[in-house]
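S.K.: Quick one, what's the 3D model for this:
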Amino acid sequence: MTTYEQDAKTLELPWPLTGREDELELVRRSLTAGRPGIVVTGPAGCGRTRLATEAVRGADCSRVAGTPETRDIPFAAFAHLLPEQVTLHRAVQLLSGTRLLLVDDAHLLDDASAALVHQLAVHGRTRLLVVVTESAPVPAAVSRLWTGELLPRLALEPLPAREAAQLITAGAGGPVEPLTVNRLHRLCRGDLRLLRDLVGALRDGGLLTRVEGTDERAWRGPVPVTATVLARIAPALERTAPDERETLDRLAFAEPLPLPMETLDLGILEQLEHDALIHIDDDGAVRLAHPLLGPTLRATAGSLRTRRLAGTPDRCAAALAAEQATLLRHIEQCDVRPQAAPVGEWLVAEGATVPAGYAAVRARLARLRGELREAGAWAREGLRGTAGDAACRAELALAAAQSGELTDGGEAAGSGAVAVWTAAARGDLDRALAAAGADSAYDGVRLGAPEHAAGRLHGVFAEHADALARGDGPALDRAARRLEERGFLLFAAEAHAQAVRAHRDPRAARTSRSRAAALARRCQGARTPALSGFALGELTARQRQIVTLAAAGLSNRQIAEQLTLSVRTVGNHLYSAYARLGTGDRAALPWLVELPDARPA
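M.R.: Numbering: from 1, shown residues only. As a prediction, this is how the structure comes out:
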């Protein structure tokens with residue numbers, strides 16, 4: 001009975017296919033009548049097989065797969081489709097009636113199977129969907145499928161953090177706060193198998209804790225050392241030379257700070273660099289190459305070695321102050337593009353107290369980028385250590401208000417900008433504009449009243465204000481592009497949205513609308529007046545249909561019955577739509593789609 005329960009626990013359904021809508025459509029088009037098929041490549045764990053499986057779902061499809069154990073057995077991958085003894089010519093004849101063939105892990109095919117796949121592509125009677133892992137040795141017959149232009153190739157990129165967040169939400173059984181999402185995404189580097197393993201370990205181990213005042217969960221503390229994690233860093237753990245392992249452990253316990261190259265043995269460093277276990281930057285600082293190495297080496301070091309090598313968070317004080325100064329300088333230079341800030345992220349991951357001043361700077365930077373949920377998470381980190389910090393309270397209130405949330409005490413958080421956006425969230429634009437004083441002049445531009453900013457702005461913000469005052473659509477688009485280049489994604493989305501209303505050319509207006517919607521969905525659920533009505537702009541027709549019904553209050557089963565779809569298909573479409581809308585909350589849909597008489601009271 002115990003064995004059955006353990007086995008049953010592993011029988012989890014596949015995660016919803018998220019963030020691959022365009023790729024899925026491309027693959028499906030490549031498999032329609034008259035098309036030869038397609039090769040899908042990508043790094044290990046990026047979801048190639050999951051994408052291919054979804055693309056052929058419901059189709060009459062034969063499947064084969066390569067395996068490491070059968071690479072020396074002729075036609076091993078096709079054993080279930082061919083007789084025991086067969087020539088290549090006869091194999092091509094026997095499979096010529098197969099209309100659709102999925103070849104998974106084609107880099108592991110035996111030479112005879114690889115040649116057969118190539119010949120099927122040459123003959124052109126069979127549509128082929130071939131899945132290959134990048135960086136792995138590939139049989140020449142397989143690589144010639146795309147280098148010889150027999151089949152087009154789709155190179156999958158790792159899933160971005162904003163799409164991975166939806167998978168993490170599904171695996172965790174509820175919303176996960178952005179700092180945890182970012183940590184998981186950094187650790188896994190796009191490997192979805194590793195991501196699923198870690199999320200499962202966090203969920204089953206009770207390591208996801210509720211964030212006070214929200215419905216989100218957070219993870220702080222050590223990385224669970226699962227079998228998948230151990231397999232990923234096995235090359236480091238299996239170092240037989242004691243000096244090499246000692247060097248790796250020293251680097252692991254030094255994190256988040258690097259070690260100077262001159263303090264370590266050069267010969268050992270050369271070998272570790274050759275094995276891709278360390279990275280040496282231009283300043284001679286040495287770091288571990290993979291973000292999982294440090295946490296796992298620390299977790300497996302043993303108590304005596306840990307006691308000898310471990311430091312305390314206060315050793316990072318100088319580096320944290322330098323990091324904060326760098327981030328402030330970028331804000332002052334109007335450049336809020338993502339910057340490496342490993343010290344603060346390490347403190348959060350370890351569950352250490354983050355100084356309120358640092359947390360407020362990180363919150364402000366995230367808010368200016370349009371990452372509103374992340375801004376709120378950083379503000380809460382600062383308030384965890386200093387409950388009354390005014391700057392963190394203001395940032396938390398601003399992030400909430402620009403997400404369209406009405407919170408108690410927002411206007412009392414001590415900032416004119418907070419008063420502006422609290423009023424805007426309530427729909428009182430007159431009061432919001434009245435509160436837009438000298439220290440929040442640009443807020444007036446964002447709210448559609450550039451006259452409030454006359455003579456108060458400079459640079460790209462002044463360009464935005466001037467273009468809006470003149471009703472110049474092309475100039476608004478140019479200002480939006482400059483804002484985007486500097487990392488101000490939410491401001492850029494709002495400028496493009498304002499350009500839609502200013503353009504006289506309908507085609508230019510459509511382009512601006514598409515850009516506004518694409519940027520808005522990267523802003524973690526931002527709901528500002530300028531973006532009103534743009535939330536659905538980037539959804540597919542089917543997603544818009546399902547989201548509209550969900551916003552009207554229909555359950556997944558009711559939607560499935562009305563549209564003659566499976567409940568699971570409806571759920572997958574909603575997960576994909578949530579990723580594009582920047583929300584994981586079904587209750588927020590009426591606000592996002594702006595249905596008449598559908599908004600909650």
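
S.K.: For stretch 80-88, measure first residue to last.
M.R.: With CA to CA, to the nearest Å applied, stretch 80-88 spans 16 Å between its terminal residues.

S.K.: Name the residues of it that are buried.
M.R.: 81-82, 86 (16 or more other CB atoms under 10 Å). No exception for glycine: its C-beta is placed from N, CA and C like everyone else's.

S.K.: JSON lines for those residues, including secondary structure?
M.R.: Shown next, in JSON lines, are the buried residues of stretch 80-88 (DSSP: H, G, I helix; E, B strand; the rest coil):
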{"residue": "Leu81", "secondary structure": "coil"}
{"residue": "Leu82", "secondary structure": "coil"}
{"residue": "Val86", "secondary structure": "coil"}
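
S.K.: which among those gets closest to Ser440?
M.R.: Leu81 (68.3 Å; CB to CB).

S.K.: doesn't Ser62 make contact with the closest one?
M.R.: Yes: Leu81 is in contact with Ser62 according to CB atoms under 8 Å; the separation is 6.4 Å.

S.K.: Please identify the buried residues of stretch 493-509?
M.R.: Buried residues in stretch 493-509 (16+ other CB under 10 Å): 493-500, 502-503, 508-509.

S.K.: how close does Leu347 sit to Gly382?
M.R.: Per CB to CB, to the nearest Å, Leu347 is found 11 Å from Gly382.

S.K.: what's the spacing between Asp283 and Glu262?
M.R.: 12 Å.

S.K.: same question, Leu167
M.R.: Distance from Leu167 to Glu262, counting by CB to CB: 43 Å.

S.K.: neighbour-wise, which of the two wins?
M.R.: Taking other CB atoms under 10 Å, Leu167 and Glu262 do not tie; Leu167 has more neighbours (24 against 8).

S.K.: All the helices of the stretch 151-300 of the chain, residue numbers only.
M.R.: For the stretch 151-300 of the chain, the helices defined by DSSP state H, counting those that start in this stretch occupy 161-172, 178-188, 192-204, 227-232, 234-237, 242-254, 266-274, 293-299.

S.K.: Pick the one among the buried residues of stretch 80-88 closest to Trp421.
M.R.: Checking the buried residues of stretch 80-88 one by one against Trp421 (CB to CB), the nearest turns out to be Leu81, at 62.5 Å.

S.K.: residues in contact with the closest one?
M.R.: Shown in contact with Leu81 (CB atoms under 8 Å, 6 or more residues apart in numbering): 62, 64, 94-95, 98.

S.K.: any idea which of those residues is closest to Pro139?
M.R.: Val64 (13.7 Å).

S.K.: Of the buried residues of stretch 493-509, which is the nearest to Val40?
M.R.: Using CB to CB, these come closest to Val40 at Ala493, 31.4 Å.

S.K.: Give me the distance between the nearest residue to Val122 once chain neighbours are set aside and Glu332.
M.R.: If the residues on either side of it in the chain are set aside, Val122 comes closest to Leu150, at 6.6 Å by CB to CB, 6 or more residues apart in numbering. Distance, Leu150 to Glu332, by CB to CB: 55 Å.

S.K.: Kindly report the same for Asp428.
M.R.: Distance from Asp428 to Glu332, by CB to CB: 32 Å.

S.K.: which residue packs closest to the residue nearest to the spatial centre of the chain, ignoring adjacent ones?
M.R.: Centroid-nearest residue in the chain, with CA atoms, centre = their mean: Ala161, separated by 1.3 Å. Leaving aside its chain neighbours, Ala161 sits nearest to His185 (4.3 Å; criterion: CB to CB, 6+ apart).

S.K.: Which pLDDT value belongs to the one you found?
M.R.: On the pLDDT scale, His185 is placed at 94.

S.K.: and it, how many neighbours?
M.R.: 21.

S.K.: My guess is it contacts Arg162. True?
M.R.: No: His185 is beyond contact range of Arg162, at 9.3 Å (criterion: CB under 8 Å).

S.K.: still on that earlier bit, so can I have TSV of the contacts of Leu81 showing secondary structure?
M.R.: Listed next are the contacts of Leu81 as TSV, based on three-state DSSP:
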residue	secondary structure
Ser62	strand
Val64	strand
Leu94	helix
Leu95	helix
Thr98	coil
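
S.K.: Identify the farthest-apart pair in those.
M.R.: Val64 and Leu94 (13.2 Å).

S.K.: higher neighbour count, those two?
M.R.: Applying other CB under 10 Å to Val64 and Leu94 shows that Val64 carries more neighbours, namely 23 against 15.

S.K.: Quick check: bridge partners of the more buried one?
M.R.: On the basis of DSSP bridges, Val64 is bridged to Val103.

S.K.: And the pLDDT at it?
M.R.: Val64 is given a pLDDT of 96.
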